[in-house]
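Engineer: What follows is a predicted protein model with its sequence.
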Amino acid sequence: MVEPTVQLVAAVAVGALAVGVAGWVKSLPISEATVPATGPWTVAAGGVVVAAEVGVYDGVPYVTVPTLLVSLLVVALGIWLAFTGIAQLRKRPHSERYLAASGTGTAVVVVGSLLFTASDVTPVRLAWIALAVVVAPVVAVGPYFVLSLVYTDAVAQLRFAGLYAVTAVVFDGVASAIATETLGTGREALVTSGLSLAVGTVRVSPSGWQLLAAHALVGVVAVAALGRIGRWRLSVGYAGTAVLSVIALGSGTTVLLTSALFG
């Protein structure tokens, strides 16, 4: 497995590239609803990474994690752009529902296959997965509400997309806390590994659950910055929240599924 610090650098580089493209392509059809619509595809991508790690695709030639992720990205982008164009021609709003629906179907197939092949599936482990899904938005709502009071412009610009991005960052922390503190696998998602590296430099070693406050702070600060950028070009702000949420949710999903289903 690639070291988390290398993954962090790669994620930041890809994120910067994506935001740069959003700033360059003025007609990019991205909106507030596009950001959460990427969620199901992100979960599917996390499941694909887990399947590759546990050897599901070992017998298939030329199949690697990068090729699988690129294939999913191409399919998702194709569906997004195609249905956006169709919706514009037919003057139908809410084209993102097709992106979300197709991603949900893909995620159900991928995660369902993992449940079928997993070696350590128990009701308790499945309950931890459900807990992570519930805890993350509950923890994220409070800090995002505080942000709306302190920096109203950011929330006014990004709205639900900003809340979703903060939730994804918190989910990264919840998944890592469950993996390290409860299931004892020692696996950390990307945002958590970055925070652990940061606090390690000052010789502080908080538990995974104690880092949740730091995750919420990181998410809120990032969304505040992206909301500021959104005042210049809203598509860039949305692209930034989408990249942030994909990185955090994807890495958190990978860590949680691997730890809960395969030990």
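Structural biologist: Received the coordinates, thanks.
Engineer: what's the closest non-adjacent residue to residue 223?
Structural biologist: residue 162 (4.3 Å; CB to CB, 6 or more residues apart in numbering). All C-beta atoms are positioned from the backbone trio N, CA, C, and that covers glycine.
Engineer: Contact partners for that neighbour?
Structural biologist: Neighbouring residues of residue 162 by CB atoms under 8 Å, 6 or more residues apart in numbering: 144, 147, 154-155, 223, 226-227, 241.
Engineer: and those as a markdown table, adding neighbour count?
Structural biologist: A markdown table is the format used below for these (neighbours: other CB atoms under 10 Å):
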| residue | neighbour count |
| --- | --- |
| 144 | 25 |
| 147 | 23 |
| 154 | 24 |
| 155 | 20 |
| 223 | 31 |
| 226 | 25 |
| 227 | 25 |
| 241 | 33 |
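Engineer: of the residues you listed, the lowest pLDDT goes to which?
Structural biologist: pLDDT across these is lowest for residue 154, at 82.
Engineer: Okay, buried residues for the helix or strand that contains that one please.
Structural biologist: Taking DSSP states H and E as the criterion, residue 154 maps to helix 152-158. Buried positions in helix 152-158, judged by neighbour count with 16 or more other CB atoms under 10 Å: 154-155, 157-158.
Engineer: buried ones in stretch 230-246?
Structural biologist: Buried residues in stretch 230-246 (16+ other CB under 10 Å): 230, 234-246.
Engineer: what's the closest residue to residue 137 other than its chain neighbours in contact with, if anything?
Structural biologist: Leaving aside its sequence neighbours, residue 137 sits nearest to residue 167 (CB to CB, 6+ apart; 4.8 Å). Residues counted as contacts of residue 167 (CB under 8 Å, 6+ apart) are 136-137, 140, 219, 245.
Engineer: Quick check: phi and psi at residue 59.
Structural biologist: Backbone torsions for residue 59, taken as degrees, to the nearest 10, come to phi -90, psi 0.
Engineer: Could you give the number of residues near it?
Structural biologist: 7 (other CB atoms under 10 Å).
Engineer: Ignoring the adjacent residues along the chain, who's closest to residue 142?
Structural biologist: Nearest non-adjacent residue to residue 142 (CB to CB, 6+ apart): residue 216, at 7.7 Å.
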